[in-house]
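Student: Everything below, folded, please.
(2 chains)
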2 protein chains.
Amino acid sequence: MIKIGYMGPKGTFSHEATLKYIKGKESEYALYEYSTIADVILAVENNLVDEAVAPIENSLEGAVNITLDTLAMDANIKIKDEIVLGIKQNLLVKSGTRPDEIECIISHPQPIGQCIKYIHLKYPNATVRFSDSTTAAAQEVAGCNGRIAAIGSMIAAKIYGLEVLEEGIQDSNNNMTRFAVISHTDSARTGNDKTSIVFSTEDKPGSLYRILDIFNLWDINMTRIESRPAKNELGRYIFFIDILGHKDDEDLKNALTMVGRKTSFMKFLGSYPVFVDREDI
Amino acid sequence: MIKIGYMGPKGTFSHEATLKYIKGKESEYALYEYSTIADVILAVENNLVDEAVAPIENSLEGAVNITLDTLAMDANIKIKDEIVLGIKQNLLVKSGTRPDEIECIISHPQPIGQCIKYIHLKYPNATVRFSDSTTAAAQEVAGCNGRIAAIGSMIAAKIYGLEVLEEGIQDSNNNMTRFAVISHTDSARTGNDKTSIVFSTEDKPGSLYRILDIFNLWDINMTRIESRPAKNELGRYIFFIDILGHKDDEDLKNALTMVGRKTSFMKFLGSYPVFVDREDI
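Tutor: Next comes the predicted model:
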């Protein structure tokens, strides 16, 4: 059995991403629930689990800083895969509740914000109440006597036995989250791979430019750059870069050797297959 | 009178930064308090105030996303100055309270986190309680009968009449926040200036590199790059860049003209003097 960790409770989007990742191989995996992102990642570092799923960026909110900071600091972990999940919110009720009976809508402030136009349009007279999590909202609806609806994931509906009154009620369909699968080793070359590194540059003008110049010289495409504070001085940063290719590709290997020489710190975070949504094929 | 907005309540670090900014010119300014960063910035846009002070990055936590996103979207605002504030936390008590009487320490979770080693070392037996803000903590201490200490700014101590039992109790001395002064116009050339822009690149490999190449060609130093999601698709970004120089410098003007041609969207955010701490001189 492969032990895999995620940030719970059951019904979170991290849980949904984990189920998407192990789809068709469920019998090979045992799932372990943690309460924070840092705990999930440290569980790999401390050998409590073999793999862990952690959100790394969202298309509306941006980078998940705690994931980046933990990846930069922890010595023995690699990214072995990525999963992209479309964030879909749904209106969940106790079985049999009719739309006109709903007096109150509850959820975590984030999903409420993601569905605010929908709520205004469809339930202008309902009161809105905040819960600690979408799971807490689903639990409350499951235990109530109707008249309350929760906003949450399809998997929360399944777990808490709720009826999905309306699917995909989020205001924007561009809400996607990318998750990293973290492990002690990264993945073998597939021919359609991505590589992640983190580095800090020397404190000289043009340092970052000279690193990007290396990728340009080797015709390597960068798909993402993210800066985080170096935490020792305002104005000093570390950079997270995703490039297309695998560390076993000759050019990419040479480029990384050069980058290693021109940076004051560099950590190889892993090579892994570019995500392809199997459900969309 | 110049109307200047900041995120309150009184005693926040935004308030402290505002006082630092207007130091020596207090009689020319009228201060207006807002409850969120977005409201502060929109107050300039809507002509409710002439200037506003908003945090833009912290040396430990990184970029303040709401400030960046609002700057990118709002059409008629510019950065006219910057202020850097060392974030110093202090232990505040009701006048006359002795250290051995303290049973409970209250503050917002962020300052508690910033002083956690200090609390463990000096007050291992005290309970820790979270408040909604450092101001709420200071108010509670002001109204209590001793035995409680708050963690907060020097200005909070002054406003709520508290005694500063110990100064500078934060675990790290590298905790600095940079604030932007936002207005309808930016600043005239001083000879030691910085310029901020935001842009999105074409969706082609190497697009960002080609922009940085322009600054390299013109010998312009970049002091900061920050990416934020473009919010229309995962993997598309907008970039915030700070460069040294003023828009009236011939080279910088030419570079920006080139950048404008090579980007799908570019917004000039302002030229303003590089911050020099007058207190340190």
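Student: chain center to stretch A:161-170: distance?
Tutor: Averaged C-alpha coordinates place stretch A:161-170 at 22 Å from its chain's average position (C-alpha atoms, centre = their mean, to the nearest Å).
Student: which parts of it are buried?
Tutor: Taking 16 or more other C-beta atoms under 10 Å in any protein chain shown as the neighbour-count basis, stretch A:161-170 is seen to contain the buried residues A:162, A:164-165, A:169-170. Quick note: C-beta positions are derived from backbone N, CA and C, even for glycine.
Student: now swap in stretch A:240-257 and tell me
Tutor: For stretch A:240-257, using 16+ other C-beta under 10 Å, the buried residues are A:240-246, A:249, A:252, A:255-256.
Student: Backbone dihedrals for A:Cys115, please?
Tutor: Backbone torsions of A:Cys115, given as degrees, to the nearest 10, read phi -120, psi 20.
Student: oh sorry, the question was meant for A:Lys247
Tutor: Taking degrees, to the nearest 10, you get phi -60, psi -20 for the backbone angles of A:Lys247.
Student: same deal with the one 10 residues further on?
Tutor: A:Thr257 adopts backbone torsions of phi -60, psi -50, taken as degrees, to the nearest 10.
Student: repeat for A:Ile214
Tutor: Dihedral angles phi and psi of A:Ile214 (degrees, to the nearest 10) take the values phi -60, psi -50.
Student: pLDDT wise, what is it at?
Tutor: In this prediction, A:Ile214 carries a pLDDT score of 96.
Student: Make sure it is actually in contact with A:Gly260.
Tutor: No: shown here, A:Ile214 and A:Gly260 do not form a contact pair, counting by C-beta atoms under 8 Å, at 10.1 Å.
Student: and the nearest residue to A:Tyr32 once chain neighbours are set aside, what are its bridge partners?
Tutor: Spatially, and ignoring its direct neighbours in sequence, A:Tyr32 is nearest to A:Gly5 (4.5 Å; C-beta to C-beta, 6 or more residues apart in numbering or on different chains). With beta bridges defined as DSSP bridges, A:Gly5 has these partners: A:Tyr32, A:Ala52.
Student: Which elements pack onto whichever strand or helix holds A:Ile241?
Tutor: Following DSSP states H and E, one finds A:Ile241 within strand A:237-244. Packing partners of strand A:237-244 (3 or more C-beta pairs under 8 Å, 6 or more residues apart in numbering or on different chains; DSSP states H and E): helix A:65-73, strand A:193-201, helix A:207-217, strand A:222-229.
Student: Could you tell me the angle between the third one and strand A:222-229?
Tutor: In other words, helix A:207-217. In terms of direction (axes from the mean of the first three to the mean of the last three C-alpha atoms, to 10 degrees), helix A:207-217 departs from strand A:222-229 by 160 degrees.
Student: which parts of helix A:207-217 are buried?
Tutor: Using 16+ other C-beta under 10 Å as the test for burial, helix A:207-217 gives A:207-216.
Student: so which of those are also by chain B?
Tutor: Filtering those for neighbours of chain B using C-beta under 8 Å from any C-beta of the partner chain leaves A:208-209, A:212-213, A:215-216.
Student: Distance to A:Ala180 for these - can I get that in JSON lines?
Tutor: Below are those laid out as JSON lines (distance: C-beta to C-beta, whole Å):
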{"residue": "A:Leu208", "distance to A:Ala180": "23"}
{"residue": "A:Tyr209", "distance to A:Ala180": "27"}
{"residue": "A:Leu212", "distance to A:Ala180": "23"}
{"residue": "A:Asp213", "distance to A:Ala180": "27"}
{"residue": "A:Phe215", "distance to A:Ala180": "21"}
{"residue": "A:Asn216", "distance to A:Ala180": "26"}
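Student: that older thread, is it correct that the residue nearest to A:Tyr32 is in contact with A:Asn46?
Tutor: No: counting by C-beta under 8 Å, no contact exists between A:Gly5 and A:Asn46, whose distance comes to 10.6 Å.
Student: Comparing these two, which shows the higher neighbour count?
Tutor: Counting neighbours by other C-beta atoms under 10 Å in any protein chain shown for A:Gly5 and for A:Asn46 shows that A:Gly5 has the greater number, 26 against 11.
Student: Please list the residues of the stretch 1-150 of chain A that sit near chain B.
Tutor: Of all the residues in the stretch 1-150 of chain A, those in contact range of chain B (C-beta under 8 Å from any C-beta) are A:57-62, A:65, A:84.
Student: now those residues: which count as buried?
Tutor: With neighbours counted by 16+ other C-beta under 10 Å, those contain buried members at A:57-62, A:65, A:84.
Student: Now render these as a markdown table, adding secondary structure and pLDDT.
Tutor: A markdown table is the format used below for those (DSSP: H, G, I helix; E, B strand; the rest coil; pLDDT from 0 to 100):
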| residue | secondary structure | pLDDT |
| --- | --- | --- |
| A:Glu57 | strand | 92 |
| A:Asn58 | strand | 88 |
| A:Ser59 | coil | 89 |
| A:Leu60 | coil | 82 |
| A:Glu61 | coil | 81 |
| A:Gly62 | strand | 86 |
| A:Asn65 | helix | 87 |
| A:Val84 | strand | 95 |
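Student: ok, back up a step: looking at the buried residues of stretch A:240-257, spot the one nearest chain B.
Tutor: Taking C-beta to the nearest C-beta as the measure, chain B lies nearest A:Leu244 of these, at 8.1 Å.
Student: burial measure for A:Val276, as a count.
Tutor: Applying the criterion other C-beta under 10 Å, we find 9 residues in the vicinity of A:Val276.
Student: State the distance from A:Glu16 to chain B.
Tutor: Noted for A:Glu16: a distance of 16 Å to chain B, by C-beta to the nearest C-beta, to the nearest Å.
Student: Which helix or strand contains the closest residue in space to that residue that isn't next to it in sequence?
Tutor: When the adjacent residues along the chain are set aside, A:Glu16 lies closest to A:Ile155, with 5.1 Å between them (C-beta to C-beta, 6+ apart). With secondary structure defined by DSSP H and E, A:Ile155 is part of helix A:154-159.
Student: what bits of chain A have low per-residue confidence?
Tutor: In the predicted model of chain A, residues A:278-281 satisfy pLDDT under 70.
Student: Residues of the stretch 151-281 of chain A that sit close to chain B?
Tutor: With C-beta under 8 Å from any C-beta as the criterion, the stretch 151-281 of chain A meets chain B at residues A:172, A:174, A:176, A:178, A:205-206, A:208-209, A:212-213, A:215-216, A:221-229, A:231-235, A:237.
Student: ok, 7 Å please
Tutor: With the criterion set to C-beta under 7 Å from any C-beta of the partner chain, the stretch 151-281 of chain A comes near chain B through A:174, A:176, A:178, A:205-206, A:208-209, A:212, A:216, A:221-223, A:225-229, A:231-235.
Student: For A:Thr70, which non-adjacent residue is closest in space?
Tutor: Once its chain neighbours are removed from consideration, A:Thr70 has its nearest residue in A:Ile41; the separation is 4.7 Å (C-beta to C-beta, 6+ apart).
Student: doesn't A:Ile182 make contact with that neighbour?
Tutor: Yes: with contact defined as C-beta atoms under 7 Å, A:Ile41 and A:Ile182 form a contacting pair (5.8 Å).
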